[in-house]
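Student: Turn this into a model:
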Amino acid sequence: MSDVQSAGHFDQAEYRSVAGSFATGVCVVSVCEPNGQVSGITINSFLSVSLEPVLVSWSLQNTSSQFDLWTKAQNFSISVLAADQRHLAERYAAKPSDPSWVGDFVLSDRGVPRVRGALAYLECRHWSLYRAGDHTLIFGEVVALGGSERPLAQGKPLIYFGSEFGEIKR
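Tutor: Reported below is the predicted structural model:
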């Protein structure tokens, strides 16, 4: 007897459960809106795509209330969160961002916000979009990157596994 099921013979809850068995890192994508307000969104869909050119991707649900903001953004950053930044992951999972949280960010020389104290960041310019089912993949070309001031031994990443936040034990 096989555990393999053909496409269409399982429900979304079952799929989410299986997908949740894959541990991912947690990031906040941030952008300056046309009015100057900083917006952020928590993701666990970050993907390194290419080395030449250096491309990354993340996905956004097509029904997101901020779909137009993110798919039209010409510049954005992806900040890799540390284990002690769970509160930021929870904050930016809420919709929409509150302008009073601007202190969570620092602006780059190009005016792109990134999370203060994150383990690492990648500053990107829009590359392309690809609609994939009920999500859209947003591709960015990395134009700047950097790490945290934290020593690597102290810089544990925030992870997401089984619908819960956690950290790597070293």
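
Student: Which residues are in contact with the most centrally placed residue in the chain?
Tutor: The geometric centre of the chain, computed from its C-alpha atoms, lies nearest to Ile43 (CA atoms, centre = their mean), at 3.2 Å. By CB atoms under 8 Å, 6 or more residues apart in numbering, Ile43 lies in contact with 26-29, 58-59, 78. The way it works is simple: take the backbone N, C-alpha and C, and place the C-beta from them, glycine included.

Student: Quick check: it vs Ala89, distance?
Tutor: In this view, Ile43 and Ala89 are 9 Å apart by CB to CB, to the nearest Å.

Student: again, but for Gly162
Tutor: Gly162 sits 15 Å away from Ala89, taking CB to CB as the criterion.

Student: quick one: which of those two has more around it?
Tutor: Residue environment comparison for Gly162 versus Ala89 gives the larger neighbour count to Ala89, 19 against 10, counting by other CB atoms under 10 Å.

Student: just checking, Gly117 is part of a helix?
Tutor: No - note on Gly117: no helix contains this position according to DSSP: H, G, I helix; E, B strand; the rest coil, which reports coil.

Student: What residues sit buried inside stretch 46-65?
Tutor: Buried residues in stretch 46-65, defined by neighbour count with 16 or more other CB atoms under 10 Å: 46, 55-60, 64.

Student: And those, which is closest to Asp109?
Tutor: Within those, the smallest distance to Asp109 is 19.7 Å, found for Val56 (CB to CB).

Student: Can you name the helix or strand that that closest one falls in?
Tutor: Taking DSSP states H and E as the criterion, Val56 maps to strand 54-61.

Student: And the contacts of the next helix or strand after that strand?
Tutor: Following the chain from strand 54-61 toward its C-terminal end, the next helix or strand by DSSP H and E is helix 67-72. With CB under 8 Å, 6+ apart as the contact definition, helix 67-72 has outside contacts at 29, 31, 33, 39, 41, 60-61, 64, 76, 129, 136, 138.

Student: No further queries at this time; thank you.
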